[in-house]
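Asker: Okay, predicted coordinates and the sequence, questions at the end:
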Amino acid sequence: MTGGLTEQQQARKGRIVALVIAGTMLLWIAAQFVGRAAGLPGRYALLFDFAAIAALIWALVNIFQIWRGRQGTQG
């Protein structure tokens, strides 16, 4: 990348990451509740858990990228 991200791009990326984290947690909680209420087997709960973990790992990678981008612009 030439020059890195601008402040607006970093802020936008941060908002997207925040929405992904919040949405993931809401969907995960809902999936746990609905799965238990519907009597789904435990393997479906594990599937929801892995999907949530994947989304949170994606968010963590993006947070690291934002952090590294800000380190480059401050120094």
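Answerer: Nice, thanks for sending it over. Numbers count the residues shown, from 1 in each chain.
Asker: can you pull the contacts of the residue nearest the centre of the chain?
Answerer: Residue closest to the average C-alpha location in the chain (C-alpha atoms, centre = their mean): A59, at 3.5 Å. Going by C-beta atoms under 8 Å, 6 or more residues apart in numbering, A59 touches 17, 20-21, 24. All C-beta atoms are positioned from the backbone trio N, CA, C, and that covers glycine.
Asker: Kindly recompute the last result at 10 Å.
Answerer: Taking C-beta atoms under 10 Å, 6 or more residues apart in numbering, we find A59 in contact with 16-21, 24.
Asker: Just the buried ones from these?
Answerer: Neighbour counting with 16 or more other C-beta atoms under 10 Å marks 17, 21, 24 as buried within the contacts of A59.
Asker: Name the secondary structure element that contains the last one.
Answerer: Here T24, judged by DSSP states H and E, is contained in helix 7-38.
Asker: Just want the angle from the helix or strand following that helix to helix 7-38.
Answerer: Beyond helix 7-38 in the direction of the C-terminus, DSSP H and E gives the next helix or strand as helix 42-74. In terms of direction (axes from the mean of the first three to the mean of the last three C-alpha atoms, to 10 degrees), helix 42-74 departs from helix 7-38 by 170 degrees.
Asker: That concludes my questions; thank you for your assistance.
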